[in-house]
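**Student:** Give me the fold of what follows.
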Amino acid sequence: MSSQRGDYDLAFNEVHRVVSEHGPGKEVDAVLEEIHRHLTGRYPDDEEAIHELMTSWLVTLRIQTNLEGFG
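**Tutor:** Below is the predicted model:
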């Protein structure tokens, strides 16, 4: 696994953890901002792709959260 892929996986896991623990709100916003800053700092040429990736994470987590309510 590449270092970049590992960074993305760790970032997603952190977002998932915060969403699971706190739900939507300031805590999630702060974590997203920090992760975005970190990833774009390490991979500045991929800023647009990072933004799209993080957006897809939020959609995925929203769908998972909604589906868990039907369990």
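
**Student:** Tell me which helix or strand in this protein has the weakest average pLDDT.
**Tutor:** helix 47-68 (a mean of 87; mean pLDDT, DSSP states H and E).

**Student:** what residues does that one touch?
**Tutor:** 8, 11-12, 15-16, 19, 32, 35-36, 39-40, 43 (C-beta atoms under 8 Å, 6 or more residues apart in numbering). The C-beta positions use only the backbone N, C-alpha and C, and glycine is treated the same way.

**Student:** quick one: contacts of stretch 7-15?
**Tutor:** Taking C-beta under 8 Å, 6+ apart as the rule, stretch 7-15 contacts 1, 28, 31-32, 35, 38-39, 42-43, 53-54, 57-58, 61.

**Student:** Assign G6 to helix, strand or coil.
**Tutor:** Using DSSP: H, G, I helix; E, B strand; the rest coil, the structure places G6 in helix.

**Student:** That one and N13, how far apart?
**Tutor:** 11 Å (C-beta to C-beta, to the nearest Å).

**Student:** again with E21
**Tutor:** With distances taken as C-beta to C-beta, E21 is found 12 Å from N13.

**Student:** what do the two both touch?
**Tutor:** Between them, E21 and N13 share no contacting residue, judged by C-beta under 8 Å, 6+ apart.

**Student:** Quick check on the contacts of stretch 7-15: which are buried?
**Tutor:** 28, 31-32, 35, 39, 54, 57, 61 (16 or more other C-beta atoms under 10 Å).

**Student:** Can you name the two of those residues that sit furthest apart?
**Tutor:** Greatest spacing in those, by C-beta to C-beta: L39 and L61 (16.9 Å).

**Student:** and E14, how many neighbours does it have?
**Tutor:** 14 (other C-beta atoms under 10 Å).

**Student:** can you give me how far the helix or strand harbouring it is from the chain middle?
**Tutor:** Assigned by DSSP states H and E, E14 falls within helix 3-22. Distance of helix 3-22 from the chain centroid (C-alpha atoms, centre = their mean, to the nearest Å) equals 5 Å.
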